[in-house]
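J.: Predicted coordinates and the sequence they were generated for:
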2 protein chains.
Amino acid sequence: MSEKLIGSCIFGQSGGPTAVINASAYGVIKTALEAEEITKVYGASYGIKGVLSDRLYVMDEEDPEELRLLLNTPSSELGSCRYKMADPEVDDTDYKRILEIFKKYDVRYFFYNGGNDSMDTCNKISRYMESVGYPCRVMGVPKTVDNDLYGTDHCPGFGSAAKLIATTCMEISKDTNVYDNGVINVVEIMGRHAGWLAASASLASAYGFGPDLVYLPEVDFDMDRFLRDVDRVYKEKGKVLVAVSEGIHYADGTFVSEAETSATDGFGHVQLGGLAAMLADAIRKHSDAKVRGIELSLLQRCASHIASKTDIDEAFGAGREAVRQAVAGVSGKMVAFERETVDGAYHCKYVMLPLDTVANYEKKIPSEWINEEGNGLTEEFIDYVRPLVQGEPDLPLVDSMPRYANLKKVLAK
Amino acid sequence: MSEKLIGSCIFGQSGGPTAVINASAYGVIKTALEAEEITKVYGASYGIKGVLSDRLYVMDEEDPEELRLLLNTPSSELGSCRYKMADPEVDDTDYKRILEIFKKYDVRYFFYNGGNDSMDTCNKISRYMESVGYPCRVMGVPKTVDNDLYGTDHCPGFGSAAKLIATTCMEISKDTNVYDNGVINVVEIMGRHAGWLAASASLASAYGFGPDLVYLPEVDFDMDRFLRDVDRVYKEKGKVLVAVSEGIHYADGTFVSEAETSATDGFGHVQLGGLAAMLADAIRKHSDAKVRGIELSLLQRCASHIASKTDIDEAFGAGREAVRQAVAGVSGKMVAFERETVDGAYHCKYVMLPLDTVANYEKKIPSEWINEEGNGLTEEFIDYVRPLVQGEPDLPLVDSMPRYANLKKVLAK
C-alpha cells in the first residue's frame, strides 16, 4: 500500500465524444467526490485547454442527481479538445503552466479520458511531473468509438456505437426489401484506420437482417471486385445492402473517398461528397437499380438513446477504477479491459496498462476474423462484439424526450 | 346497421414505409381474422401489384405470435409499390383484372394502407366496384411520415418519425457543443412539399437542445438571408445547428437541392450530392467554422427502435377501425384522426372521411405556426407535435437486437 496522497484532482475529456464518455466522467467524479484522500474535484473546461487557461469547474458544487444524469447524456459535457502537446524535452512551456495550475489548486490527481492521442498527453504529463519531482498520480481512462486502442479487449464507447450501427442496419435492411424492384443501399460507417465499427454492421446479419457485404480498411479495396460483388448479390436477391468503412483504401494506400475516380456527373464534373455517395454513383453506372448512399455520420458517437447498458456500466467502471487505483498509489497507467468468462458468461475485468504502451498505436481487426473474400466477418467477430451491445439504457425522459444533465459549471477562483 | 356482407378480404400496403405501417397491418389482419363476416384474410404481395399478379398471402396460416411482432417491425412486411392506376374511364384493364381476382377469392372487403396516391387508388377501386355492381367494401388506412394527408389531424407514421428526428437533433445538438472552436451542423430532413418533419426538429429545442434555425418548404428560401441567419447565430453562440427540409425552394419554385448554385469545389466543378452537403458548402465559403452536412435519410421511416407508442397504438387502431367500420357497412372512406381533449389530456378519435376528399391533396403547416422570420416554429406547433411522440415502444429483443416478425407468407392457390 502506497503512502496516502492528499489533495485535489482534475478530470478532463479529450478527443471525439462517444455516447458514454460522460458515464466515465461520472465514474471519475462520483468516486473522487467520495474519496477521502481527494479534497476537491475539478472538471477541466475543454480538456487540457481548460487546465492551461485556468478554467476549471468545481464539481463539488454540482447537484448529485444532475451528475448522475451524465450516465445517459451524450457528447463531452465538460467540453473536449484535440490539442497535441509538444514533447517536454523540446518545449516545456505547456508543462510548466500545467505544473503552475496543479500547484495553485493543490492538484495531486489527474484523470484524462480519451483515445490514442489523449493517452499520449496523459503519458507526457505523468513523466513530466515525475521528472520535476511533483507528487501527482496521473491515470488514463480509455474511450473511442473506433475501438482501436492497443492493449484493451475493447474500448468504452465502441459497444454503444456498434449497437446503433447494427440496429440501424437491421432497420435499413428491412427497408431495402420494401419494393419488388431492386434497391441497393450503401451505408458509410466511421473508422479511418480500423474497421471495428463497419464490422459491427455484420451483427445485424447474424440476427437475420443485415448487410450482404462489408468492406473494411483492413483489406485493400478493389473497385472492380466491389462492383462484381454487388452485381452478384443483386442478381441473386434483387436487392443489396452494403456496409463500408470510411477508411477503405486502395492497395497503394489512397483512401477511396479521396481518390480521383471516373465517377462524374452528367456535366463531366467530378462528384464530390461522402464515400457512400461516391460508391453509390459508381454502382449506378453498372446497374438499373435504385442506389442510395447513407452516412450514419455523428449518430454513431452520440446516440445515447440506444446505448449499450454494458458499455455504460463499463465506461462508468473505467472511470471509477482509475480513481480507486490512483488513491491506492497507482500512476502512469491506463485502465484497460480484459475479457473473462465467468460461469460461462462474459465478464469484463479491469487491468492497469502502462500509458507508454498504449499511446499512438492502433489496433486493427485480426485477419482471421475477416472472411476469405474480404467482404464479410466470421463468427469469431460476432462472438466478440455480441456481449458488448447487451442491455438497454435506463434513459431518463421528460415527455418521452431525453433528460440530459444540466450542470452549473461553477468556475474555480 | 347495414346488411351482413360475408366474404374474404385483401389487405395491401402502398407507398413509402413508416416505422409503424406494419402496426396498421396488424390492426387490419388481427381484426379481420377475428371478424365472423370475414371468411379469409389475404395479404397482397407488394400492394396492388400483388392483386394484379395474383400473389396473395394467406394470413390465416400465420402464427398469431409472429403476427403480433408486426407492431414493432419496420418496413412494409408484405411489400409495397408505387403503382399509379389509370382512370377507369380511360383504361379499365387493371380494374377488370382486380374484379376477376376479387371474384376468384370471393373478396368482399378491400383495405389499402398508404398516403395520397394510395387513397386515390383506393377511391378508384371503390368507385369501379360500385359502377359494376360488385358488392365490396373498400377502406383506406392512412400512413405517411410526411404528415401531409388532408382531413386528418395527423398521420400514422409521423409521430415516430418526429420522435426520431427530435431525439437525434437533441443528440446532435449536444455533439455540436463538444469543442470550444465553432461547429456548424446542417441536418437535412425528409419532406418534399410539406415541412412537418423538419419542423419536428424544433421539439428538441423545446427540451433544451435543438436546432437554432429551421427552414421549411412552406417559406420561400433565400440563400442570402440563410447565410446571414447562420452568421448571426454563430457570432452569438460560436456554434450553430440548422434543420432543413429537403423540399425548400426559392421563390420561383426551384428546389434548392436542384438549383445550379455558385457552390463549386476547388476545381471549379459544381458540387452535387444532397442538400445538406450543398448548404454546408455554401456556409463554408463565408465561415471559418467546421461545417458538416448530415442527412437523416432512411432512418426517418424505419427507426422502429425509437417509435412513439402513441403512434404505434394509433396506427394499429386505424387498421382495426377500418375493418370494424367496413364490417358495419361503411365503404369508400379513409380512417382519419380527430384530436380531442379528454380530462385535460390528448385523445385521438377515429372519424371516417370520404376517400375522394383525401386523394391528391397535400396539407401544409399553417403559416401562423411558423415564426415571423420564417426560420423557426411557434409554441402552437410544439403543442401540436408533443402528444404524438409520447410513450416508448415495447420492442421485443433477442440479445439486445430487435426481433422482427418472421411470416411464412403462404401463397393462395
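T.: It's in.
J.: Can you identify each of the helices in chain A by residue range?
T.: In chain A, the helices defined using DSSP state H lie at A:21-34, A:48-52, A:64-68, A:93-104, A:116-131, A:158-175, A:196-206, A:223-237, A:275-284, A:299-302, A:309-327, A:355-358, A:379-385.
J.: Of all the residues in the stretch 101-250 of chain A, which one is nearest chain B?
T.: Relative to chain B, the nearest point of the stretch 101-250 of chain A is A:Lys174 (3.6 Å; Cβ to the nearest Cβ). Placement of C-beta: from N, CA and C, glycine included.
J.: which phi and psi does the residue nearest to that residue when sequence neighbours are not counted have?
T.: Nearest residue to A:Lys174 in three dimensions, chain neighbours excluded: B:Ser75, at 3.6 Å (Cβ to Cβ, 6 or more residues apart in numbering or on different chains). Reported as degrees, to the nearest 10, the phi and psi values for B:Ser75 are phi 70, psi 170.
J.: OK, contacts around the residue of the stretch 101-250 of chain A closest to chain B?
T.: A:Phe209, B:Thr73, B:Pro74, B:Ser75, B:Cys302, B:Tyr404 (Cβ atoms under 8 Å, 6 or more residues apart in numbering or on different chains).
J.: A:Tyr134 and A:Glu100: what is the separation?
T.: Here A:Tyr134 is placed at a distance of 11 Å from A:Glu100 (Cβ to Cβ, to the nearest Å).
J.: quick one: low-confidence ranges for chain A?
T.: Applying pLDDT under 70 to chain A picks out residues A:1, A:260-273, A:359-360.
J.: Could you list the residues of the stretch 51-200 of chain A in contact with chain B?
T.: Contacts of the stretch 51-200 of chain A with chain B, taken as Cβ under 8 Å from any Cβ of the partner chain, map to A:73-76, A:79-82, A:163, A:166-168, A:170-172, A:174-175, A:177-180, A:185.
J.: The closest residue to A:Asp106 other than its chain neighbours - how many residues pack around it?
T.: Distance criterion Cβ to Cβ, 6+ apart; nearest residue to A:Asp106, sequence neighbours excluded, is A:Gly7 at 4.8 Å. A count of nearby residues for A:Gly7, using other Cβ atoms under 10 Å in any protein chain shown, gives 17.
J.: A:Gly7 reaches A:Ile38, doesn't it?
T.: Yes. A:Gly7 is within contact range of A:Ile38, at 7.3 Å (criterion: Cβ atoms under 8 Å).
J.: Now do the shared contacts for these two.
T.: Contact criterion Cβ under 8 Å, 6+ apart; residues shared by A:Gly7 and A:Ile38: A:Tyr109.
J.: okay if I get the contacts of A:Lys174 as JSON lines plus distance to B:Arg228?
T.: Converted to JSON lines, the contacts of A:Lys174 look like this (distance: Cβ to Cβ, whole Å):
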{"residue": "A:Phe209", "distance to B:Arg228": "45"}
{"residue": "B:Thr73", "distance to B:Arg228": "45"}
{"residue": "B:Pro74", "distance to B:Arg228": "40"}
{"residue": "B:Ser75", "distance to B:Arg228": "41"}
{"residue": "B:Cys302", "distance to B:Arg228": "36"}
{"residue": "B:Tyr404", "distance to B:Arg228": "47"}
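J.: From A:Met170, how far off is the residue nearest to A:Lys174?
T.: Distance from B:Ser75 to A:Met170, by Cβ to Cβ: 10 Å.
J.: What distance do you get for A:Ile312 to A:Thr167?
T.: According to Cβ to Cβ, A:Ile312 and A:Thr167 sit 16 Å apart.
J.: dump the residue contacts of A:Asn147.
T.: Neighbouring residues of A:Asn147 by Cβ under 8 Å, 6+ apart: A:His154, A:Cys155, A:Gly157, A:Phe158, A:Ala194, A:Trp196, A:Leu197, A:Lys363.
J.: And those residues, which is closest to A:Glu61?
T.: Nearest to A:Glu61 among the contacts of A:Asn147 is A:Gly157, at 27.5 Å by Cβ to Cβ.
J.: what sits against the closest one?
T.: Contact analysis of A:Gly157 by Cβ under 8 Å, 6+ apart lists A:Thr18, A:Ala19, A:Val20, A:Ile21, A:Lys143, A:Thr144, A:Val145, A:Asn147, A:Arg301, A:Asp311, A:Ala315.
J.: any chance of those residues in CSV, plus distance to B:Pro396?
T.: Formatted as CSV, those follow (distance: Cβ to Cβ, whole Å):
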residue, distance to B:Pro396
A:Thr18, 27
A:Ala19, 23
A:Val20, 25
A:Ile21, 30
A:Lys143, 31
A:Thr144, 32
A:Val145, 27
A:Asn147, 28
A:Arg301, 27
A:Asp311, 21
A:Ala315, 27
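J.: Out of the residues you listed, grab the one that's most surrounded.
T.: A:Val20 (36 neighbours).
J.: ok, which residues in the stretch 301-413 of chain A are in contact with chain B?
T.: Residues of the stretch 301-413 of chain A lying near chain B (Cβ under 8 Å from any Cβ): A:301-306, A:308, A:386, A:389-392, A:397-404, A:406.
J.: Give me the buried subset of those residues.
T.: A:301-306, A:308, A:386, A:389-392, A:397, A:400-402, A:404 (16 or more other Cβ atoms under 10 Å in any protein chain shown).
J.: now the nearest residue to A:Tyr350 once chain neighbours are set aside: how far from A:Pro156?
T.: Nearest non-adjacent residue to A:Tyr350, counting by Cβ to Cβ, 6+ apart: A:Glu321, 4.5 Å away. As for A:Glu321, its distance to A:Pro156 is 11 Å (criterion: Cβ to Cβ).
J.: Please say which of these two ends up with more neighbours.
T.: The neighbour comparison of A:Glu321 against A:Pro156 (other Cβ under 10 Å) goes to A:Pro156, with 34 against 23.
J.: how near is the closest residue to that one other than its chain neighbours to chain B?
T.: Using Cβ to Cβ, 6+ apart and skipping residues adjacent in sequence, the residue nearest A:Pro156 is A:Ala315, 3.7 Å away. If you measure A:Ala315 against chain B using Cβ to the nearest Cβ, to the nearest Å, the figure is 16 Å.
J.: Just the buried positions in stretch A:103-115, please.
T.: Going by neighbour count (16+ other Cβ under 10 Å), the buried part of stretch A:103-115 is A:Tyr105, A:Val107, A:Arg108, A:Tyr109, A:Phe110, A:Phe111, A:Tyr112, A:Asn113, A:Gly114, A:Gly115.
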